[in-house]
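Asks: sequence and predicted structure below; questions after.
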Amino acid sequence: MTNPATAQTSQKPVLVVDYGAQYAQLIARRVREANVYSEIVPHTHTTEQLLAKNPAAIILSGGPASVYADGAPSVGADLFEAGVPVLGICYGFQAMAAALGGAVAKTGAREYGATHVTLAGEGRSILASTPASLNAWMSHGDSVLEAPAGFDVLASSAGAPVAAFANEEKCLFGVQWHPEVKHSEFGQKVLENFLFNAAKVERNWTTGNILDEQVERIREQIGDAKVICGLSGGVDSAVAAALVQRAVGEQLTCVFVNHGLLRQGEAEQVERDFVAATGARLYVANEQDRFLNALSGVSDPETKRKIIGREFIRAFEEAERAIMAEAASEGEEIKFLVQGTLYPDVVESGGGEGAANIKSHHNVGGLPEDLRFELVEPLRALFKDEVRAVGAQLGLPAEIVGRQPFPGPGLGIRIVGEITGDRLDLLRKADAIARAELTAAGLDNDVWQMPVVLLADVRSVGVMGDGRTYGHPIVLRPVSSEDAMTADWSRLPYDLLARISNRITNEVEGVNRVVLDVTSKPPGTIEWE
Ligand SMILES: Nc1ncnc2c1ncn2[C@@H]1O[C@H](COP(=O)(O)OP(=O)(O)OP(=O)(O)O)[C@@H](O)[C@H]1O
Ligand SMILES: O=c1[nH]c(=O)c2[nH+]cn([C@@H]3O[C@H](COP(=O)(O)O)[C@@H](O)[C@H]3O)c2[nH]1
Ligand SMILES: NC(=O)CC[C@H](N)C(=O)O
Ligand SMILES: [Mg+2]
């Protein structure tokens, strides 16, 4: 799979072999940031197929399997004799160790999130110019216990006796942690040490103009047909809509679905801000009953997501009929649906090469089978920060480009338990208080996103006005992130947390506790469902 956001070049690629990683696209992206052309290939490629691509270097990605499990993807030992520099990351590191005679096992010492790594001696090889110990992002349950013969151990952590190794002579390297994620200190340094110091790859690739390229592709795909765009008020759909508007102008109508799972004031804001910024034609579909009826009695997260994905499409179909009727253009159906789908939506829905299904994003894994629209998704290979950059290039205002993300299924996946109108009202109030206080504290730009979650199936005992209460907890989930692939919990000031807690418990009837989620991603995800 070649990243559609990258221009084709005649250069020797750095191949990223995808073992079903959550992060394969992120590795390719970091290589791109270092001005080197990179392509992702599935792990089913044989050594011969890999070498036929004439790679400058190969990176083996992470993956959900265990190398010693039946049917686990493996890497041929002959790859390591081909004279091509190789870097193994996490699963790729373990697969390399196993292929070359090292020992890999489940030790019971799992490491997820920030992990302390200690270098063996001075930072050298791919760890050159890094400090004697660093915080690295890990996500593993298996560990390399013994490096293969001919390899030096470069670092270790509490759960990984061999956390990095090198065979300089053969130009083979591996790390247990994920240097490609922003939360790994010196991650880019480690990748660049591999690319430039070890593999001697040339730094001569620059990002093609994503904007011009995508406008061109959209024109080709749509021709002179009519198109609708699912517009949410979020960054991704605003940028997708602006791109499509630039490509095919008047052929576009944006459709905003009010599914009743929105936050306070959201519908009004979309109508106001987006139209003001772009002048695009907007159709508002009021579909609260459709969604609430379909979700009635459902509490399983994946079932909710599938229902929401399906009802979104049904709502778009209804909207199409109304738009056609308004324009009095009988006969010709609207064939194209634009969505602001990003790469993290795709990979979490299990859409990478063999990637595990973490959750079905409504716009990818949640789509119904009988989807009649042809999808137009110009941002499908990109990450949020890249999309923000494209949006700024398109001239969208800072309030849209800098907005905190809000998931399409909305409050529907922030009520743990069954969704009811009363619970939605309660959560809307709590969420509005938390957001208002965050804004008043001037911290909107320091927090990437702050889901506010209602644990509708949990109740606890409290005391108010000398009486017993038996109410629900509200969870605050403020996170820092860059691309939603990894995240850390935000260290909000205590007095702000106290104010939010105080106001929610006082002002929102039915809530008697406010708790703070202090889990990184991994192992948590940002949303609770
Ligand atoms: N209420 C809605 N009405 C119409 N389309 C929607 C709605 N919510 C989501 N979508 C569609 O689903 C896509 C994915 O939603 P998602 O929340 O990931 O992106 P976004 O809302 O555009 O941006 P952000 O991630 O910043 O919230 C959107 O880009 C949009 O096309
Ligand atoms: O449009 C969306 N449809 C979805 O189904 C969906 N699920 C999660 N999200 C958003 O994606 C980012 C990563 O979320 P998670 O860490 O919870 O997977 C976060 O920004 C989430 O808010 C969604 N967005
Ligand atoms: N993130 C990964 O690549 C994980 C590798 C392997 N499944 C483990 O748990 O150790
Ligand atoms: Mg959104």
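Replies: Received, thanks. Ligands and ions are numbered 1, 2, ... in the order given.

Asks: now for the helix or strand harbouring residue 134, which elements pack on it?
Replies: Take DSSP states H and E as the rule and residue 134 turns out to sit in strand 133-146. In terms of contacts (3 or more CB pairs under 8 Å, 6 or more residues apart in numbering; DSSP states H and E), strand 133-146 is packed against helix 91-99, strand 103-119. All C-beta atoms are positioned from the backbone trio N, CA, C, and that covers glycine.

Asks: with adjacent residues omitted, what lies nearest to residue 80?
Replies: Excluding the flanking residues, the one nearest residue 80 by CB to CB, 6 or more residues apart in numbering is residue 172, at 5.8 Å.

Asks: from residue 157, how far off is the one you found?
Replies: Distance, residue 172 to residue 157, using CB to CB, to the nearest Å: 21 Å.

Asks: how about residue 243, what does it touch?
Replies: 211, 214, 215, 218, 378, 379, 390, 394 (CB atoms under 8 Å, 6 or more residues apart in numbering).

Asks: list the buried residues of stretch 161-180.
Replies: Within stretch 161-180, the residues scored as buried using 16 or more other CB atoms under 10 Å are 161-167, 170-180.

Asks: cool, and stretch 142-159?
Replies: Buried residues in stretch 142-159, counted by 16+ other CB under 10 Å: 142-144, 146-148, 151, 153-157, 159.

Asks: may I see these arranged in JSON lines, with pLDDT and distance to ligand 3 as well?
Replies: As requested, the buried residues of stretch 142-159 are exported to JSON lines (pLDDT from 0 to 100; distance: CB to the nearest ligand atom, whole Å):
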{"residue": "142", "pLDDT": "97", "distance to ligand 3": "3"}
{"residue": "143", "pLDDT": "97", "distance to ligand 3": "7"}
{"residue": "144", "pLDDT": "98", "distance to ligand 3": "9"}
{"residue": "146", "pLDDT": "97", "distance to ligand 3": "16"}
{"residue": "147", "pLDDT": "98", "distance to ligand 3": "16"}
{"residue": "148", "pLDDT": "98", "distance to ligand 3": "17"}
{"residue": "151", "pLDDT": "98", "distance to ligand 3": "18"}
{"residue": "153", "pLDDT": "97", "distance to ligand 3": "18"}
{"residue": "154", "pLDDT": "97", "distance to ligand 3": "18"}
{"residue": "155", "pLDDT": "98", "distance to ligand 3": "16"}
{"residue": "156", "pLDDT": "97", "distance to ligand 3": "15"}
{"residue": "157", "pLDDT": "97", "distance to ligand 3": "13"}
{"residue": "159", "pLDDT": "96", "distance to ligand 3": "10"}
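
Asks: identify the residues contacting whatever residue of the stretch 301-450 of the chain ends up closest to ligand 4.
Replies: Nearest residue of the stretch 301-450 of the chain to ligand 4, counting by CB to the ion: residue 406, 4.4 Å away. Residue 406 sits next to 232, 233, 234, 263, 266, 449 when contact means CB under 8 Å, 6+ apart.

Asks: surely the first one meets residue 339?
Replies: Spelled out, that is residue 232. No - assessed by CB atoms under 8 Å, residue 232 is found out of contact with residue 339, at 9.6 Å.

Asks: quick one: the spatially most central residue of the chain and residue 387, what's the gap?
Replies: For the chain, the residue nearest the mean C-alpha position is residue 344 (3.0 Å; CA atoms, centre = their mean). Counting by CB to CB, the gap from residue 344 to residue 387 is 11 Å.

Asks: restricted to helices, list the contacts of residue 406.
Replies: residue 266 (DSSP state H).
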